[in-house]
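> Attaching a predicted model along with its sequence, questions to come.
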Amino acid sequence: MVDHPYKSLPDGAYWRRSVVPAGAAVDPVMGDFIRIGRGDRIATAGSCFAQHVARHLAASGFNYLVTESAHPIVPEAAAKAAGYGVYSARYGNIYTTLQLVQLFDRAYGRFVPMEDVWAAPEGTGVVDPFRPTIQPGGFASEAEMRADRAQHLARVREMFETLDILVFTLGLTEAWVSTLDGAAYPLCPGVAGGLFDPARHEFRNLRVSEVRDQIGQFAERLRSVNPSARIVLTVSPVPLAATASGNHVLPAATYSKSVLRAAAQEAAEDLAGIFYFPSYEIITGPQARGRFFADDLREVTEDGVKQVMRVFLRHAAGIEAPTDADNPPTAEEDPFTRNMADWVETMCDEALLDQDG
Amino acid sequence: MAEHRPQSRNLLVIGQSHVAAIRAAAKVHRETYPDEPRTRVIHTLEKVHAPEFEGVVNGDYSQARFGPKLVAAIEDQIQRHDPLVASVIGGNVHNVLALMRHPRPFDFLLGGEEGPPPDAGAEIVPEALVRVALEARLQPDFTRLRLLHDAVGPFVHVESPPPVRDEHFIVEHAESWFRERSQGQLAVAGVGVRWRIWRLVSRLMREAVEGAGGRFMPVPGAVRDGDGFLRLDHAADPTHGNAAYGAAVIAALDSL
């Protein structure tokens, strides 16, 4: 019998043998993959889907790195609404590789955007154009925003320098950038602050080569401050909410995801210490038959997230248990504040001792 | 010596720990001028009025009401003496958060009021988040204001005492309590954050007082030093006024 390369491949190389029988439970990881230890500091960044990764890593007992936490006096719900703990630092969603490179450059003072403050949507206060929704209602003043951003970028530097692994979820190719200096905004000016000005803001739809180059640029920058850092790339399965490309949103979304997927593949093949994890395929592949999408055909169901994390942890950490991120432990009261409350209460109680009035 | 201005009407001052200063001043006044209208107080946490609240479920004050003994005490005072009703409700939440230096020092920028410069080395927390932190702890006081209006109608709320500027005064009073707990790391919070958090609580209380149908009275100028802090000779401890403070508040209420 004639021998050829397709004669003796593992089952995972064949659609009929691996995808059809497994269906939605398919495990599409094959070959070399990152190994994560319990002590590895894992940071996350990227588009909305990365929030789920962060949540499940934390709930699974891994060392989910958060360098920018809310001050302990802030109630937990308010802290979360203000973006603390959603990712490893309070940068909000980072949709494009261009944003990621610029985040690094802004954190290290290598890029100082010219347009760096926007009026808040309701007219009072300001927002940070690079995190326009991070502070509900906007910052009370430009001074407050600048102080917060300086603290934030210091925490971003700390994150880059101390992480062992960065899980980055690529979300979009479409971006709005400044015509002045190419600064990339996570949201089109005017949507969540600022004013859209066609003379100062232009649309960009990144190409495969651009995304691939930016991944490489970021990896080089990251390793300049953290030589042993490893990167896991995923592509968000969440389709575009809207497109400014002039095309119908369905092919526009396919374009975006295709570009990101191709660029991620090339980066993982070309660059050491960069891995691709197929969460996109787990959610959107035909074997899932759409079951992991919510009714809006965009958001991923919790079952889908769990399936993604199950496969991820199986290969990255050798763990088979399903993750349960539905009931995270609630934060305890800050012990210092508890002590202060006791003391103030004591001082107040002492007023009861003198009731001869 | 300043000429004595007779008290013109009965006052009923309702609150918690800040009642002590009023009580002390009222006692001196009663003993010195027994024929003048008087100031009486109700400390809502005293056992004789217990329970202060009914209907609080798992920290939810939305269905709370004053306990029957407390309501009876208030109604009795009003029936018998027809007083101007004043509130010194609350007034210490800001001290819980920012009297002593937090292990993760913080400060914030207060819109519309500069005050002392931000504390060096302190993390700047957005004002909106400090506001949320305070509002969470102020829910019992907001409830008290609402219930007071339900019980008495219009009332005057007296702003809580300003902070004391003198750090040594604060440390002396804190030392015995924190000696074992602080492991030698006791420090007073920066004057800036202590100032600003008092101002922010005053704003929140003013909003709540006016929302509840009351009138907000700022703390009398006579008790404040040139920078607006509580005069040391009007302080009983780091968080409360003394009898001199109480007398100034009574005089201010009486002059409304």
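Here it is on my side, so go on.

> The stretch 151-300 of chain A: helices as residue ranges?
Listed in chain order, the helices of the stretch 151-300 of chain A (DSSP state H, counting those that start in this stretch) span A:208-225, A:249-270, A:279-284.

> so what secondary structure elements neighbour the last one?
Going back to what we said before, that points to helix A:279-284. The contact analysis (3 or more CB pairs under 8 Å, 6 or more residues apart in numbering or on different chains; DSSP states H and E) places helix A:279-284 against strand A:230-235, helix A:249-270, helix A:302-317. Where you see a C-beta, it was placed from the backbone N, CA and C, and this is true even at glycine.

> Residue A:88: which of the ones you listed is closest?
Of all the helices and strands packed on helix A:279-284, it is strand A:230-235 that lies closest to residue A:88, at 13.3 Å by CB to CB.

> Pull the distance from the closest one to the chain's centre.
In terms of CA atoms, centre = their mean, to the nearest Å, the centre of strand A:230-235 is found 11 Å from the chain centre.

> which residues sit against it?
Strand A:230-235 has contacts (CB atoms under 8 Å, 6 or more residues apart in numbering or on different chains) with A:34, A:46, A:49-50, A:53, A:164-170, A:215, A:219, A:222, A:257, A:260-261, A:264, A:267-268, A:273-280, A:316.

> Poorly predicted segments of chain A, please.
Residues of chain A that meet the criterion pLDDT under 70 lie in A:1, A:321-332, A:347-357.

> now chain B
In chain B, residues with pLDDT under 70: B:1-2, B:175-185.

> Now do the strands for it: every range, in order, please.
Taking DSSP state E as the criterion, chain B carries its strands at B:11-15, B:39-43, B:53-54, B:65-66, B:84-88, B:106-107, B:123-124, B:156-158, B:215-217, B:235-237, B:240-241.

> next one: chain A
Under DSSP E, chain A gives strands at A:42-46, A:118-119, A:126-127, A:165-170, A:174-178, A:184-185, A:201-205, A:230-235, A:274-276.

> Just put the ones you listed in a markdown table and tack on mean neighbour count.
Shown next, in a markdown table, are those (neighbours: other CB atoms under 10 Å in any protein chain shown):
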| stretch | mean neighbour count |
| --- | --- |
| strand A:42-46 | 26 |
| strand A:118-119 | 18 |
| strand A:126-127 | 22 |
| strand A:165-170 | 27 |
| strand A:174-178 | 20 |
| strand A:184-185 | 24 |
| strand A:201-205 | 16 |
| strand A:230-235 | 25 |
| strand A:274-276 | 22 |
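
> Specify the stretch among the ones you listed that is closest to residue B:212.
The nearest among those, by CB to CB, is strand A:126-127 at 32.3 Å.

> do that closest one and chain B meet at all?
No. Judged by CB under 8 Å from any CB of the partner chain, strand A:126-127 stays clear of chain B, getting no closer than 11.4 Å.

> quick one: the residue lying closest to residue B:234 once chain neighbours are set aside and residue B:203, what's the gap?
In space, and not counting its chain neighbours, residue B:234 is closest to residue B:245: 4.2 Å by CB to CB, 6 or more residues apart in numbering or on different chains. From residue B:245 over to residue B:203 the distance is 21 Å, taken as CB to CB, to the nearest Å.

> Next: residue B:197.
Separation of residue B:197 from residue B:203 (CB to CB): 11 Å.

> neighbour count winner among these two?
Under the neighbour definition other CB atoms under 10 Å in any protein chain shown, residue B:197 and residue B:203 were set side by side, and residue B:197 has more, 27 against 16.

> can you tell me how far the more buried one sits from residue A:82?
Going from residue B:197 to residue A:82 by CB to CB gives 19 Å.

> With residue B:129 instead?
From residue B:129 to residue A:82 the distance is 6 Å (CB to CB).

> can you list residues touching both of the two?
By CB under 8 Å, 6+ apart, residue B:129 and residue A:82 have these common neighbours: A:70, A:74.

> OK, now which residue of the stretch 151-300 of chain A is nearest to chain B?
Closest residue of the stretch 151-300 of chain A to chain B, CB to the nearest CB: residue A:151 (6.3 Å).

> Test my guess that that residue contacts residue B:126.
No. Using CB atoms under 8 Å as the test, residue A:151 is too far from residue B:126 to be in contact (10.4 Å).

> For residue 161, list the residues it contacts.
In the absence of a named chain, this looks at chain A. Listed by CB under 8 Å, 6+ apart, the contact partners of residue A:161 are A:225-226.

> The chain in question should be chain B.
Counting by CB under 8 Å, 6+ apart, residue B:161 has contacts B:18, B:21, B:91, B:219, B:223, B:230, B:234-235, B:239-241, B:245.

> do the same with residue A:281
Going by CB under 8 Å, 6+ apart, residue A:281 touches residue A:28.

> ok, now residue A:201?
Residue A:201 makes contact with A:176-179, A:185, A:188-189, according to CB under 8 Å, 6+ apart.

> same deal with residue B:90?
By CB under 8 Å, 6+ apart, the residues touching residue B:90 are B:15-16, B:138, B:140-141, B:144, B:160, B:205.

> what about the helices in chain B?
B:19-32, B:68-81, B:93-98, B:127-152, B:167-182, B:191-211, B:243-254 (DSSP state H).

> for these, which one sits closest to residue A:114?
Closest approach to residue A:114 among the helices of chain B (CB to CB): helix B:127-152, 27.0 Å.

> tally of neighbours for residue 145?
Because you didn't say which chain, this covers chain A. Residues lying near residue A:145 (other CB under 10 Å) number 26.

> The intended chain is chain B.
Count around residue B:145 with other CB under 10 Å applied: 23.

> ok, it to residue A:99 distance?
Residue B:145 sits 47 Å away from residue A:99, going by CB to CB.

> repeat for residue A:241
17 Å.

> Mind checking which of those two has more residues around it?
residue A:99 (27 against 11).

> Quick check: beta-bridge partners of the residue lying closest to the more buried one once chain neighbours are set aside?
Nearest residue to residue A:99, sequence neighbours excluded (CB to CB, 6+ apart): residue A:184, at 4.9 Å. On the basis of DSSP bridges, residue A:184 takes part in beta bridges with residue A:177.
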